[in-house]
Structure formats: structure tokens, C-alpha cells
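[1] I'd like to go over a predicted model; first the sequence, then the structure.
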Amino acid sequence: MERTATIREQMEEFLHKNEMTINRFAEISGVNSGTLSNILNGNRPISMQQLDRITLGMGLEEGYFYELYIDECIFHATPDWRRLGPYLHRCAELGKLDCLDKAVRMTMDNISYSPLLFETAEFFFKEGKHEAAVLLYKSVAESERFQHSERLALCQYRLFTLGLGDDQEANSRAAVYFEPYIDRLDEVYQLDALKELINLNVSLNRWNKVDELADKMGRIASIQYQYEVGRLGQEVRGKKPVVFYKLYSYLVKATVCYERGAFDLALKYVSMYSEPEWLKEESNEEELRIINQFNEWAEANRYLYKLMAGNDGALSEYVKYIADKEDEIFLAICNIMIAANRYQLQVDHILDRFKGYIELKEQRNHIGEIIQQITADRYTRLLAELGIYYLNLKQFNKGLQLILDSLEKSIAINSDNGMLRCMGLFEQFREFSTIDLQQKYRKLVYKVQKLNEKKIGISLKY
């Protein structure tokens, strides 16, 4: 195997080939001639700043020597954070993640590096350099896997949130793996972590787990809120004031009751987040904005729960309420279609009025954005409910096309519930489908089978 020339050897070759003196190269690169001489003689290690200047002076692309630099200048002698730290930052800036990963892996035997790597990961996280941050969090978590430390728990929390995507199966595994670390988190992060887990389990329709997590959030938020009141307003801050998490736990409990069909109990929880008697007398501006948002949700949900309980007049009231609240319309249409199919309601006029909101896009409210996993799950459900609605109207071609659209989206997010729902509906109405729709269905079923093969670890011949 041919040996790769060292950085110093390549510098010497460059000077020789271009008949250039050290003094001349010092002028071009901006590195002191004496420093260059010591580097070439092996008497001085190369700093990151010097390496980048030398690389530029030689007319090479940024990061050209980074692979060699790991072995020659960081770990060839005693590892030195003064060189390793800047190296990691430059790798992250240039997107040279392979080099960053290799350097980090070479530190794993030395646990004293963990605090420094963790601080660097947190810096990358705040800067939005998430791919680089993930590599560092993984290294720290691996180094401290037997330490049961807050740092380990926070690494796992970061990895959990950064790893979430459209694949519901992968998200489900991530949630199960992360949950045991919540109790080890500092209280500043616990409530946010519970909110993330609750939202993910909502998107997976795991209502028993959602209920359990909401109870836990409520208990922790109550303790922290009382602590704040007792300390005269000195807050234990997460991303939001503690009042948000306490109110949110009640909203989630109401949602669980709604999903279980216990509408009267759901209304009881609505009153607990719309009329909180435990609030301190004076609330700051941010708390008031949160309280007002929960009041809006409470009013909308009262109409919704009455509608789902079969109240004839609730539909028009619900539509009237959400008409000028753009943030609520997408979710409201999802709910209205479920009710329409349950009670055989005619809602063409509503669909025509809000047709611009029946699409997959980022959803927000007054206090933040709604996670994409929930929005994606709701959208697949909305498409299926629209399909059912038109099938009930005997508009079979339109209905089945929507069912297939829902199936395609369910495959994209790896939603077992969505795939089973759509395949069952198509089979039920297959006799009314066209040849084109049947061909599209077969292609989608093939994708479902390929997904299933990956899950169970077998390969079928077709």
C-alpha cells in the first residue's frame, strides 16, 4: 500500500517544485518564516490557523490536509485540546464530518475529554450545526454510558430531539430508548423533554403512554410552580414559563379523554386549563400570552367535543369560531371530517370555504410551531377521512384517489396505522376502482411489503 506523503513532505515538494524560498512562501501564506522553518524541520507542531494559511498559500482547497492533521499534529504526540478544539470547529464549519468523527473517536479512551467535547457539542447545537453536534453527543454518551450523569442524560435528550424525522417506526424506537433518561435530566430540561415525548407519542396515537406522561408533566410542573411562588418569582426556566407545562398537561389529558370518547371528562379538563384557579395574582407578559392561547384552545375544543358527542348545532359554532383563526383551521378541518363521517354530515360548503388549508405545511400557534410529526400524522388522517367522505357520497374515483394519497403519505412516514387504514378501505371499495387506480394501489402495496421486509428481516421474491 502506497504511503501518503506527510503535510511537511508535501510542503517541501511544493517549495521545490515552484523553486520558492521559505521567505517567499512566508509572504504568500502569512506565516512567519521562522515558524515555517521550524515546522519543516519538525521542531514545531502546526496550529489550525497556520495550517489553513499554508493550505491557502499552496493553492489547495480549504481542509485539504485535515485528514493528515489528525494523526500528525493532534494525536501523534500527547493530544492537545488547544489544537483539537479549533480543529473540531473548523471541521464543522467546512462540513468535513468524516474528519471530525475520526478525531472524536480517537479521544474516547480518555474520559477527561468528555466535558470539553460536550461543551463543543452544545456550541454546535446552538449554532445550528446539528450533524456535527450529533457526532460529539454520541461520543460523550458512549464514554459516559456507565456514569449515570446529568451530562449523559442531556446528551441522550439532544440525540433524541435531533434524531426525530418522518419515519414513525424510527421515532418510536427513539422514544422508548430515551424515556429512561428523563429522570436524570436537570429540572430545567425535564419539562421540555416530557413535552417532546408527549408530542411524539401523540403522533403515534399511543394514548396510554400520552396519558402517563401528561400525569408526570403535571406533577413536576406543579412542584416547580409552587417553588417559583415560594421564591417570590424566581423562575425555574425551561424553554417556556412553568405555567405553560402545567396548562399543557391538562390540555393533553383532555385530548386523551377525547380520543377515548369520554367527552364529558374531556370538558372537565378543558375547564382546568381555561380557568386555572391556582395562578398567582400577577402574571408577566409571556405568561399572559400563554394563558390567552390556552383560553382560545379551550373555546375551540368545547365546540369540538360537543360536535363529536353528536350536538347538532356545534358544527356551525365551531366553523364560525375558527374562521378568522388561521392557526386553528387545518386541525379543525381534520376534526370536522372525522365528525362528518361519524354522523353523516354534509360539509361540502366547509371544504370549499377552507380548501386553501387542506395541504401539508408547517403549522404554528401563538406560542410556537407544532412538531412536524404531529402535522404529518394529521395530514395522512385528513386525506383518509376526505376519501371516506367522498366514498360515502358514492364519488368513488375521487374517494379512492384520496385513500391512495393517504397511503402514499403513510408509507413516507412509515405509519403502520395509516397503511392498514388505507389498504383496508381500498380493498373494501376495490370493485369501484378504475384500472389506473388498481395499478397505483399495487405499486404502493409493493412499497408497503418492502418496508415490512426491513422490519422483519426477510426478503421475498416477486
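    Good, I have the coordinates. Since we're looking at a predicted model, the values are computed, not measured. Numbers count the residues shown, from 1 in each chain.

[2] for the rest of this, base every contact and every neighbour count on C-alpha atoms.
    Noted.

[3] pop the domain breakdown of the protein in here.
    Under automatic domain parsing, the residue ranges defining each domain of the chain are 164-297, 324-462.

[4] tabulate the ones you listed (CSV), appending mean neighbour count, distance to Ser37 and mean pLDDT.
    Converted to CSV, the domains of the chain look like this (neighbours: other CA atoms under 10 Å; distance: least, CA to CA, whole Å; pLDDT from 0 to 100):
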stretch, mean neighbour count, distance to Ser37, mean pLDDT
domain 164-297, 18, 50, 88
domain 324-462, 17, 56, 89
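
[5] list the contacts of Arg184.
    148-150, 153 (CA atoms under 8 Å, 6 or more residues apart in numbering).

[6] if we use 6 Å, what do you get?
    Contacts for Arg184 (CA atoms under 6 Å, 6 or more residues apart in numbering) come out as 150, 153.

[7] how near is Gln373 to Gln428?
    Distance from Gln373 to Gln428, counting by CA to CA, to the nearest Å: 28 Å.

[8] could you pull up the contacting residues of the residue nearest to the spatial centre of the chain?
    By CA atoms, centre = their mean, the chain has its centre lying nearest to Leu164, at 4.1 Å. Neighbour list for Leu164: Asn171 [criterion: CA under 6 Å, 6+ apart].

[9] could you redo the last one with a cut-off of 10 Å?
    By CA atoms under 10 Å, 6 or more residues apart in numbering, Leu164 lies in contact with 170-172, 174-175, 200, 372-373.

[10] redo the residues you listed as TSV? Include distance to Asn110 and secondary structure.
    As requested, the contacts of Leu164 are arranged in TSV below (distance: CA to CA, whole Å; DSSP: H, G, I helix; E, B strand; the rest coil):
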residue	distance to Asn110	secondary structure
Ala170	31	helix
Asn171	32	helix
Ser172	33	helix
Ala174	28	helix
Ala175	30	helix
Leu200	35	helix
Gln372	38	helix
Gln373	38	helix
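
[11] out of those residues, which comes closest to Gly418?
    Gln373 (13.3 Å; CA to CA).

[12] how much space between the residue nearest to the closest one when sequence neighbours are not counted and Asn171?
    Leaving out its chain neighbours, the residue that sits closest to Gln373 by CA to CA, 6 or more residues apart in numbering is Ser203, at 5.9 Å. As for Ser203, its distance to Asn171 is 10 Å (criterion: CA to CA).

[13] what is in contact with these two at once?
    With CA under 10 Å, 6+ apart as the test, Ser203 and Asn171 both reach Gln373.

[14] burial measure for Glu142, as a count.
    14 (other CA atoms under 10 Å).

[15] how much space between the closest residue to it other than its chain neighbours and Val134?
    The spatially closest residue to Glu142, leaving aside those adjacent along the chain, is Met108, at 7.9 Å (CA to CA, 6+ apart). Using CA to CA, we find Met108 at a distance of 15 Å from Val134.

[16] comparing those two, which residue is more hemmed in?
    Between Met108 and Val134, counted using other CA under 10 Å, the more crowded position is Val134 (23 against 16).

[17] would you agree that one falls within a strand?
    No - Val134 is assigned helix when assessed by DSSP: H, G, I helix; E, B strand; the rest coil, not a strand.

[18] now do the contacts for the closest residue to it other than its chain neighbours.
    Excluding the flanking residues, the one nearest Val134 by CA to CA, 6+ apart is Leu159, at 6.3 Å. Neighbour list for Leu159: 130, 133-138, 141, 153, 174, 178 [criterion: CA under 10 Å, 6+ apart].

[19] for Gly57, what are its contacts?
    Gly57 touches 25-31, 51, counting by CA under 10 Å, 6+ apart.

[20] buried sites along the helix or strand containing Cys99?
    Here Cys99, judged by DSSP states H and E, is contained in helix 97-105. In terms of neighbour count (16 or more other CA atoms under 10 Å), helix 97-105 has its buried residues at 97, 99-101, 103-105.

[21] between the residues you listed, which is nearest Leu407?
    Once CA to CA is applied, the member of the buried residues of helix 97-105 that ends up nearest Leu407 is Leu97, at 36.0 Å.

[22] check what pLDDT the closest one gets.
    Per-residue pLDDT puts Leu97 at 96.

[23] just checking, it touches Ala132?
    Yes - look at Leu97 against Ala132 with CA atoms under 10 Å: they come within range, at 6.5 Å.

[24] residues that sit against both of these two, list them.
    Common neighbours of Leu97 and Ala132 (CA under 10 Å, 6+ apart) are 88, 91.

[25] name the surrounding residues that touch stretch 14-29.
    8-13, 30-37, 40, 50-59.

[26] in helices, which of the residues you listed fall?
    Of the contacts of stretch 14-29, the ones assigned to helices by DSSP state H are 8-13, 33-37, 40, 50-57.

[27] weed out the non-buried ones from those.
    Neighbour-count burial (16+ other CA under 10 Å) is assigned, among those, to 8, 11, 33, 35-36, 40, 50-57.

[28] now render these as TSV, adding pLDDT.
    Output for these, formatted as TSV (pLDDT from 0 to 100):
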residue	pLDDT
Arg8	91
Met11	93
Ser33	91
Thr35	92
Leu36	92
Leu40	91
Gln50	93
Leu51	93
Asp52	94
Arg53	95
Ile54	95
Thr55	95
Leu56	95
Gly57	94
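
[29] ok, so of these, who is nearest Tyr269?
    For these, the nearest to Tyr269 is Asp52 (60.7 Å; CA to CA).

[30] wait, what's in contact with that closest one?
    With CA under 10 Å, 6+ apart, Asp52 has these contacts: 29, 46, 58, 60-66, 90.

[31] which residues touch Arg252?
    Not quite, residue 252 is Val, not Arg. 195, 198-199, 202, 207, 210-211, 213-215, 258, 266, 269-270.

[32] change it to 7 Å
    Ala214 (CA atoms under 7 Å, 6 or more residues apart in numbering).

[33] send me the helix or strand encompassing Ala214 as CSV with only the CA atoms.
    Assigned by DSSP H and E, Ala214 falls within helix 207-230. What follows is helix 207-230, C-alpha atoms only, in CSV (Å, rounded to 0.1, in the frame of the first residue of the first chain):
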residue,chain,number,x,y,z
TRP,A,207,-52.8,7.3,24.2
ASN,A,208,-52.0,5.2,27.3
LYS,A,209,-48.4,6.4,27.1
VAL,A,210,-49.5,10.0,26.4
ASP,A,211,-51.8,9.9,29.5
GLU,A,212,-49.0,8.6,31.7
LEU,A,213,-46.5,11.3,30.5
ALA,A,214,-49.1,14.0,30.9
ASP,A,215,-49.6,13.0,34.6
LYS,A,216,-45.9,13.1,35.1
MET,A,217,-45.6,16.5,33.5
GLY,A,218,-48.4,17.9,35.7
ARG,A,219,-46.8,16.6,38.9
ILE,A,220,-43.4,18.1,38.0
ALA,A,221,-44.8,21.4,36.8
SER,A,222,-46.9,21.8,40.0
ILE,A,223,-43.9,21.3,42.2
GLN,A,224,-41.8,23.8,40.1
TYR,A,225,-44.6,26.3,40.0
GLN,A,226,-45.0,26.2,43.8
TYR,A,227,-41.3,26.6,44.1
GLU,A,228,-41.4,29.7,42.0
VAL,A,229,-44.3,31.2,44.0
GLY,A,230,-42.4,30.4,47.3
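
[34] since that was my last question, I'll sign off now.
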